[in-house]
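Undergrad: quick one: sequence plus predicted model below, questions after.
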Amino acid sequence: MPTRTIMSASCRRRDYSRVVITGLCFLSLCPRPKEAKSAVLTLTPSAAVGISNNPSGLSTTAQTPSSVQGFGMFGLGSQIQMTAARSTHRVGYGFRMIYYPQSTTSGNQSHSLTWLSDFTLSARTSLHVEEDVSVYGFSSIFGVDPAATINVNGAPVSATASSIFNSTTTQSFVYQPNGLERYGQTLVVSYMRAFSEASTIPKTLRVGGTLRADRIYGANAYSLSFLPDLLKVLSPRPVDPVTNIRPTDQALTLQLLAGWRRDFSVTTSFGVEAGPVIVLGVGDSAAVGPAAIATLGYRWVPWYATIVASQQPVVNPYLGEVLMGDSVAVRLRLPIDSRETFVANGIASLTYARELSPTHDFVLSPHAYTSFSMGASCGYRFERIPIVLSLDYTNTYQEGETTSIRTYPSTHRQSLSLAATGNFAWGEGNHGVGAPLGPLP
């Protein structure tokens, strides 16, 4: 009898083990639950009043004389962000209207539609895709950000103003096998045209990209970048009335830059990239010369300062050509009080643009124009409501020259405005002015 009891208990234990093992196998074969998702809706209304000395934004040699005029501006931006375990998606739309009471032609409206997706493909790879479509007037007032791009755009040659359509698609891929190595690829496709066929702003297609490798050795970081960039003018190029020369309709630039960067402390860093650049399409032979970028940064949270000096080919979409730009840009952000309710921002850039010519080196190439841009802003952020008040000033000046190829315009524009901007969000961790949204099903 005891023997039977022991055997019976042993059989029951084996049966229980089979049930547990079978259950675990069944659970492993079952489909995994759907990834949890969350959504955040953001609205950014803004309103401003200000004055400007050049409402049309056109070249000072072509525009009709005008005095300082006041303007009003209203804008509304919206964005929905959806976040999953391995991806983030953002879709946004923005609208802005500028109205000049004393002028019926200088006011304009702008629209922008954006889509952005970030994918974490694995622990080492990520993919970014972005599309930006916008319609804006040439007389639109935008903030100047020389830290993002060298400002050499300037004004069209003639006084023909028009609304502009721009579409930019960006794709980037990053592979980082470890904390010391990083490899990346970027592709940018941009198309721009004016709605008016009589406008002097050409239709342009720009295709550019970057192949880049970074490697860290101790306190130093080294990089190698290859940057091809093709500019194609799709509209017929008129003959310049002064020089009687038809501009080129295609240019290809190829840059190969080797870089070095070092963090001297937790606050100070310095980096430089240099190498050859080749420009094809500006003449019967290629234009060859040096390109370089030097960056000095100082960051002490929460304020920072950055100085960037460079010599690189840059695209002027309003003229439809590639120029060589020697540029210096400075950017500063400084909280005024300990709570960071008052914040001051300053930006400035100076660019000396030269024509690319295969018959001259880059140093002796003809001077096209000198461009100077600056902006200063002082903002107050309310502590209990998501609204910021800011006083903004911008100054853009361009002095053009007449060369053997074309006449470059001169322009000067200043604006001073007082703006109020809100930032209301509903969703994951945000309450805006109402109840938060629940997670997506």
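TA: Nice, I can see it.

Undergrad: show me the helices in the stretch 101-250 of the chain, by range?
TA: Under the criterion DSSP state H, counting those that start in this stretch, the stretch 101-250 of the chain carries no helices.

Undergrad: what about it, any weak spots by pLDDT?
TA: 104-105, 138-162, 197-198, 237-247 (pLDDT under 70).

Undergrad: tell me where it has strands.
TA: 108-120, 125-137, 163-175, 181-194, 204-217, 220-233, 250-263 (DSSP state E, counting those that start in this stretch).

Undergrad: just the stretch 251-400 of the chain next, same as before
TA: 268-280, 287-300, 303-316, 321-335, 342-355, 367-381, 387-400.

Undergrad: do you know which of those lies nearest residue 68?
TA: Taking C-beta to C-beta, strand 387-400 is the member of the strands of the stretch 251-400 of the chain nearest to residue 68, at 13.6 Å. All C-beta spots, glycine's among them, are computed from the backbone N, C-alpha and C.

Undergrad: next, the angle from that closest one to strand 367-381.
TA: 170 degrees (axes from the mean of the first three to the mean of the last three C-alpha atoms, to 10 degrees).

Undergrad: partners of strand 387-400 in the sheet?
TA: strand 367-381 (antiparallel), strand 411-422 (antiparallel) (DSSP bridges).

Undergrad: which one of those strands lies closest to residue 349?
TA: Judging these by C-beta to C-beta, what sits closest to residue 349 is strand 367-381, at 5.1 Å.

Undergrad: make CSV out of the strands of the stretch 101-250 of the chain and add distance to residue 356 and mean neighbour count.
TA: Output for those, formatted as CSV (distance: least, C-beta to C-beta, whole Å; neighbours: other C-beta atoms under 10 Å):
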stretch, distance to residue 356, mean neighbour count
strand 108-120, 32, 16
strand 125-137, 28, 16
strand 163-175, 24, 16
strand 181-194, 20, 17
strand 204-217, 16, 16
strand 220-233, 11, 17
strand 250-263, 8, 17
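
Undergrad: export those to CSV and tack on distance to residue 414?
TA: Converted to CSV, those look like this (distance: least, C-beta to C-beta, whole Å):
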stretch, distance to residue 414
strand 108-120, 18
strand 125-137, 18
strand 163-175, 22
strand 181-194, 25
strand 204-217, 28
strand 220-233, 30
strand 250-263, 33
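
Undergrad: to residue 313, which of these lies closest?
TA: strand 250-263 (4.6 Å).

Undergrad: restrict that closest one to CA atoms and write it as PDB.
TA: What follows is strand 250-263 as a C-alpha-only set of coordinates in PDB (Å, rounded to 0.1, in the frame of the first residue of the first chain):
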ATOM      1  CA  GLN A 250      23.100  72.700 -63.800                       C
ATOM      2  CA  ALA A 251      25.800  72.300 -61.300                       C
ATOM      3  CA  LEU A 252      27.200  69.300 -59.400                       C
ATOM      4  CA  THR A 253      29.400  69.700 -56.300                       C
ATOM      5  CA  LEU A 254      31.500  67.000 -54.700                       C
ATOM      6  CA  GLN A 255      33.100  67.400 -51.300                       C
ATOM      7  CA  LEU A 256      35.300  65.000 -49.400                       C
ATOM      8  CA  LEU A 257      36.000  66.200 -45.800                       C
ATOM      9  CA  ALA A 258      38.100  64.700 -43.100                       C
ATOM     10  CA  GLY A 259      37.300  65.900 -39.600                       C
ATOM     11  CA  TRP A 260      38.700  66.100 -36.100                       C
ATOM     12  CA  ARG A 261      36.800  67.000 -32.900                       C
ATOM     13  CA  ARG A 262      37.900  67.200 -29.300                       C
ATOM     14  CA  ASP A 263      36.000  68.000 -26.100                       C
END
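
Undergrad: show me the contact partners of stretch 114-126.
TA: 79, 86-94, 127-133, 173-177 (C-beta atoms under 8 Å, 6 or more residues apart in numbering).

Undergrad: can you give me the first-to-last residue distance of that stretch?
TA: 20 Å (C-alpha to C-alpha, to the nearest Å).

Undergrad: then stretch 417-427?
TA: OK, stretch 417-427 end separation, C-alpha to C-alpha: 32 Å.

Undergrad: so for it, what's the average pLDDT?
TA: For stretch 417-427, mean pLDDT rounds to 90.

Undergrad: roughly how far apart are residue 356 and residue 258?
TA: Using C-beta to C-beta, to the nearest Å, residue 356 is found at 22 Å from residue 258.

Undergrad: again with residue 179
TA: When residue 179 is compared with residue 258 (using C-beta to C-beta), they lie 22 Å apart.

Undergrad: cool, residue 204 as well?
TA: 30 Å.

Undergrad: residue contacts, residue 107?
TA: Residue 107 neighbours (C-beta under 8 Å, 6+ apart): 71, 97, 98, 99, 100, 139.

Undergrad: 6 Å instead, please
TA: Applying C-beta atoms under 6 Å, 6 or more residues apart in numbering, we find residue 107 in contact with 98, 99, 100.

Undergrad: can you report how many residues lie near the residue nearest to it when sequence neighbours are not counted?
TA: Spatial nearest neighbour of residue 107, chain neighbours left out: residue 99 (4.7 Å); criterion: C-beta to C-beta, 6 or more residues apart in numbering. Residue 99 has 15 neighbouring residues, counting by other C-beta atoms under 10 Å.
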